[in-house]
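Engineer: Sharing a model prediction with you, sequence too.
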Amino acid sequence: MRIAKQAGFYVMLGVVLIFFTFPLYWIVASSFKDRSDVISITPKIIPFLEFTPTTDNYRDIFFRAETATGQGSTVTASADISAFRDRLLNSILITGASTALAVFFGTLAAYAVSRFSIPLESDFMFFVLSTRMLPPIVVLIPVFVLFSDLGLRDSYLGLILLYTSFNLPFVVWIMKGFFDEIPSEYEEAAMIDGYSRFQAIYKIVIPEAIPAMAATAVFSIIVSWNEFVLANFLNRDSASTVPPYLNSIIGVGAVEWGRLAAAAVVFVLPVVIFTFLVRNHLLRGVTFGAVRR
Amino acid sequence: MADITLQNVNKSFGAGIPLAVNDLTLNIRDGEFLVLLGPSGCGKTTTLRMIAGLERQTSGDICIGDRVVNNLRPGDRDIAFVFQFYALYPHLSVRDNIGFPLKAQNLPAAEVNRRVENVAERLRITHLLKSTPGRLPGGEQQRVALGRAMVRQPQVFLMDEPLTNLDASLRADMRVELKHLQHDLATTMVYVTHDQVEAMSMSHRIAVMNNGLLQQVDTPLNIYRHPQTLFVGTFIGSPPMNIVSGKIMGLRFVSDDGSFWIDLPPAAQKYATHNLQTYFGVRAEDLTLHERSAAVKGIPGVIRIREPLGDETIYIVDAEGQTLTIKTPPRLRFKPGDNVNITVNHQAIHLFDKTSEKALLPERWSDV
C-alpha cells in the first residue's frame, strides 16, 4: 500500500515535471536543429540519434547580415534577423537601468515610509499599489501620445522610465514589509555610535536588506525583460527590445522555428543566470520575517 | 564622567494622547547608578531615549555635564546605549561590532584593535571576537553589546532593560557583574527596567515613574520603607503592600464599611480632626499572626490560603471584611480555616491621601 502510494507520488511528480520542462527542452532542442529537422512531421526528440545538432541558428541570429533566409526559399523575414544582437543589448540596458532605478528609489521610499510617520501613510501606500491595478495596455494610447510629444518614442529613456515606474510599487511594498521587520534599534545603535542616519542606512540597513533587494530585483528584471506590449508599440527601431523582435522574426508565410528557438534560448539565459547567482539571497529574501528579534 | 539634568521635560506623542513624560525634573549625579523603574508605558524608556537623543523632548532642557544637549545628535552626546534586543549588527563580526563606534571617530586601526581587545578581555569574550553575533547565546550577545558600549569610554551609559531577554540564573549573574562593572568604571549609568529586583539590587538610587509622572527618587531602601505615593507603595515589594480604603476618625483609621479599624501612631495626630479620606497601607512582613486568644489584642481574622514558599510562608487572611496578605517565617503554624489575631507594627504604617494619593505621614517618622 505504502509502496503503491509512493509510486503514485513519483508518477505524478514525473508528469508535472514533464509538463513544465518539456516545452523548455523542445525550445532548446529546436534551436539546435536544421530547417528540415525542425519542421519534420515525425517529432525528432533525441539529439545525435534522431537529428544532428547544429549551431547554425545561433550563428544566424548573431552574425548573419542578410534578411533573406537563403537556400532558394521564398520566405522573407519581416525583420532583419541579425538585429538580434542589438535588440539583446537594448533589452539588457533597458532592463538593467530600470531595475536599478526601481530598486534604488523603491528602497529609499520604503525606508522612509517604514521609519518615519508620514501623514496619510496607508492612503499613500494604497495609492502606490493602485498604480499596478490596471494592465499596461490601458495606458498605452496616452503614453504613446505623450511620448510622441516628448520625443521619448524609440528611446532608451522612455522605456526605462516606464518600466521603473511600473516596478516601483512592487519594490516599495516588498521593501517596506522587509524594513518593518528590521528593528529600528540597528540604526539607532549606529547613530549613537557616532554615525549619521545616512551612514547608518548605508553601513547597517542596506547590508541587512540585500537579500530583499535581490529578491525584488529578480522580480523587476523578469517584468521588464519580458514586457512586450509597450515595447512593441513605443520602440520600433533602434531602441527596440527582444520580445517584439521574437514576434517579428516569426515572419510571413513560413516560420523560422530554429532561429526563433535559438533567440528564445539566448533571451531566457540572462534571467536564469542572474536568478542563479542571487539564489541564496532570494531564498532569504522571500522568507521575510526571518530577522532575529 | 558627567551628571545629567532634566529640567521640566515634557514629551507628547500627539494631541489628545496623554503626555508620555510629564514635567520631569531629575538630577542624576556624576558616577551614579540610577534606575528608572515603572510599569510598561510609564515613560521610563521615552525618558532614556530623550537623554540619548533618539527622541526629541516636546519642551524642557536636558544637560549632560555642563552642556545643554537639546540640539545635539545622539552621536555627539558622548553616550553609549545598550538596547533590550542588543541591536548587534548581524553582518559584522564581534570584533567589528565592538570597534564600530571607534571607526566613526576615524581612529587608526591599531588603536581600534587595542581598545577592542582590552574591552573583550575585560568582558571575557576574547575567544568570540571572530564569530558573528547571530550565533551567540543571549548572555554572550549581552556581553558584546556591553563591549560596544564600553569601548568608546562614554560619559554616560544608558541601558534599556538589558537583562530582560536572559534566563533567570544568567540574569542574576549579570546583575552582579553589571553592578561591579559600573562601580569599577565609575561612569554615570541610567538603567531602565520594570523589574524591581534589578532596581533594588543594582542601583544607588531609583526613580519610580507612572503614567509619565515621576513618583519618587530615592535610595532603594527608602523607596521601600518610605513610599511617597500610593503607586510606589503598591508597585514596590512582593507580595504587594496591603491597602485598605477608609478614613481617619480621631486617631484611628476606619475602613469604608466601618468594620475594620486600627489605632494610628501619634505622628498622624495632625489629621485626627479632619475625617480625612485615606488609604491605609501596611506591608505583609509588618503584620504578625497570633493564635486567637484573649491575651493578644489584635484584628480578628480567619486564614483563607497558605502559600509555603520555602524561605517564608505567605498567608492570605480574611480580617473584618478585608483581605490581608501576611508574610511569616517558614513554619506552617496555621492552616486554612484557623482563627487568628493579627497585630500591626505601628512603626511601619503608611497612610495615603485619597485624592492626591500622596503619603501623609512624614518621611522617616518611624526612624526618629
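Structural biologist: Yep, it's here.

Engineer: List phi and psi for the residue sitting furthest away from the middle of chain B.
Structural biologist: Here chain B reaches farthest from its C-alpha mean at B:Ala294, the gap being 42.5 Å by CA atoms, centre = their mean. Main-chain dihedrals, B:Ala294, degrees, to the nearest 10: phi -70, psi -20.

Engineer: Can you name the residues of the stretch 101-250 of chain B that neighbour chain A?
Structural biologist: Counting by CB under 8 Å from any CB of the partner chain, the stretch 101-250 of chain B comes close to chain A at B:101, B:104-105, B:134, B:148, B:152. C-beta coordinates here come from the backbone N, C-alpha and C atoms, glycine included.

Engineer: which of those has the most neighbours?
Structural biologist: The most crowded member of these, judged by other CB atoms under 10 Å in any protein chain shown, is B:Arg148 (29 neighbours).

Engineer: give me the element A:Ile210 is part of.
Structural biologist: Element membership for A:Ile210, per DSSP states H and E: helix A:206-226.

Engineer: per-residue confidence averaged over that helix?
Structural biologist: Confidence over helix A:206-226 (mean pLDDT, whole number) is 90.

Engineer: count of neighbours near A:Ser49?
Structural biologist: Slight slip there: residue A:49 is Leu, not Ser. 8.

Engineer: same deal with B:Pro108?
Structural biologist: B:Pro108 has 9 nearby residues by other CB under 10 Å.

Engineer: quick one, what contacts it?
Structural biologist: Listed by CB atoms under 8 Å, 6 or more residues apart in numbering or on different chains, the contact set of B:Pro108 is empty.

Engineer: helix, strand or coil for residue 189?
Structural biologist: In the absence of a named chain, this looks at chain A. Three-state call for A:Ala189 (DSSP: H, G, I helix; E, B strand; the rest coil): helix.

Engineer: To clarify, I was referring to chain B.
Structural biologist: Strictly by three-state DSSP, B:Met189 counts as strand.

Engineer: all helices in the stretch 101-250 of chain B, in order from the N-terminus.
Structural biologist: B:109-122, B:138-150, B:168-185, B:196-202, B:220-225, B:230-235 (DSSP state H, counting those that start in this stretch).

Engineer: Quick one, which of the ones you listed gets closest to A:Tyr186.
Structural biologist: helix B:138-150 (12.2 Å; CB to CB).

Engineer: Closest residue of the stretch 151-293 of chain A to chain B?
Structural biologist: Minimum separation of the stretch 151-293 of chain A from chain B (CB to the nearest CB) falls at A:Gly194, amounting to 3.3 Å.

Engineer: Would you map out the domains in chain B?
Structural biologist: B:4-230, B:238-353 (automatic domain parsing).

Engineer: Go through those domains and pick out the most buried.
Structural biologist: Mean neighbour counts were compared across the domains of chain B using mean count of other CB atoms under 10 Å in any protein chain shown; the top stretch is domain B:4-230, at a mean of 19.

Engineer: related to what we said a few turns ago, pLDDT check: weakest of the residues of the stretch 101-250 of chain B next to chain A?
Structural biologist: B:Gly134 (85).

Engineer: still on that earlier bit, for the residues of the stretch 101-250 of chain B next to chain A, which one is nearest A:Ile250?
Structural biologist: B:Gly134 (52.8 Å).
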